[in-house]
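S.K.: coords below, sequence missing:
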């Protein structure tokens with residue numbers, strides 16, 4: 001997982017911004033992505049994230065998981081832009097990449113099989129449609145691989161925390177599908193119809209509900225909050241309003257080159 005530190009971008013994207021869609025100098029973004037790839041020792045594969053539930057296998061195939069029957073790729077000039085909020089691979093050296101700046105990144109691996117996945121889990125992706133969100137898509141992908149969620153490890157990265165994520169009743173309604181009637185993930189505010197939401201908490205509940213019980217990383221505490229930890233993390237909600245722009249971090253996971261030999 002990258003932070004905002006160690007790159008070449010100028011304010012307000014300073015300094016390690018890997019987002020090519022946020023107004024930063026394209027040359028700076030390209031330089032930052034090269035720095036990341038060199039550090040990883042793997043080839044990051046970025047996609048166009050659309051806050052949805054669709055997934056694609058790497059390397060790109062003609063058809064990915066399309067749970068809402070929408071297109072998963074677009075033609076932009078002569079290049080194909082792949083849309084996905086979930087990618088997975090078994091090919092060593094290809095790093096699944098998901099960009100974030102308040103949304104929640106999930107990195108997934110199997111305990112015994114060289115298979116990995118990365119997930120972009122903002123509130124829209126978590127909510128999905130009638131409780132079928134990006135986490136439910138992840139479970140479907142795992143099962144399609146002949147694996148089971150109980151044998152997977154899931155790392156939750158930094159995201160906007162419960163002391164900073166103010167939302168309206170419509171967001172609470174969308175995220176509440178399948179949650180217990182009295183849950184700790186939403187705190188009502190004095191302002192009518194406004195709540196503080198625990199995005200990582202909702203994700204942990206949804207993950208456990210579909211069988212992912214080996215969870216690590218973000219426990220909703222302050223050190224994991226992108227909004228509150230300004231020197232470490234980019235935050236779209238914080239920096240766009242205050243500074244006129246916000247960079248993007250990214251979470252990466254890949255199969256090591258010797259993983260197949262160790263089986």
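M.R.: Noted; the coordinates are in hand. Only a predicted model underlies this, so the values are computations on that prediction, with no experimental measurement involved.

S.K.: Where does residue 57 sit: helix, strand or coil?
M.R.: Residue 57 carries the three-state label strand when classified by DSSP: H, G, I helix; E, B strand; the rest coil.

S.K.: Quick check, it in contact with residue 86.
M.R.: No. Residue 57 is not in contact with residue 86 according to C-beta atoms under 8 Å; the separation is 9.9 Å. C-betas here are computed from N, CA, C, even on glycine.

S.K.: These two: who's more crowded?
M.R.: With neighbours defined as other C-beta atoms under 10 Å, residue 57 and residue 86 compare such that residue 86 has more, 31 against 21.

S.K.: How about that one: which residues does it bridge to?
M.R.: Here residue 86 sits in beta bridges with residue 55, residue 119, as judged by DSSP bridges.

S.K.: Pull the contacting residues for it.
M.R.: Contacts here follow C-beta atoms under 8 Å, 6 or more residues apart in numbering; on that basis residue 86 touches 53-56, 65, 117-120, 134, 137-138, 141.

S.K.: Just put these in JSON lines and tack on pLDDT.
M.R.: Conversion of the contacts of residue 86 to JSON lines gives the following (pLDDT from 0 to 100):
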{"residue": "53", "pLDDT": "97"}
{"residue": "54", "pLDDT": "96"}
{"residue": "55", "pLDDT": "96"}
{"residue": "56", "pLDDT": "97"}
{"residue": "65", "pLDDT": "49"}
{"residue": "117", "pLDDT": "98"}
{"residue": "118", "pLDDT": "98"}
{"residue": "119", "pLDDT": "98"}
{"residue": "120", "pLDDT": "98"}
{"residue": "134", "pLDDT": "98"}
{"residue": "137", "pLDDT": "98"}
{"residue": "138", "pLDDT": "98"}
{"residue": "141", "pLDDT": "98"}
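
S.K.: out of those residues, who's nearest residue 233?
M.R.: residue 120 (15.7 Å; C-beta to C-beta).

S.K.: In the stretch 151-263 of the chain, where is pLDDT below threshold?
M.R.: Within the stretch 151-263 of the chain, the stretches falling below the threshold (pLDDT under 70) are 258-263.

S.K.: the strands in it, which residues?
M.R.: In order along the chain, the stretch 151-263 of the chain carries the following strands (DSSP state E, counting those that start in this stretch): 152-156, 166-168, 186-188, 194-197, 215-217, 249-254.

S.K.: so which of those gets nearest residue 232?
M.R.: Proximity to residue 232 (C-beta to C-beta) singles out strand 249-254 among the strands of the stretch 151-263 of the chain, at 9.4 Å.
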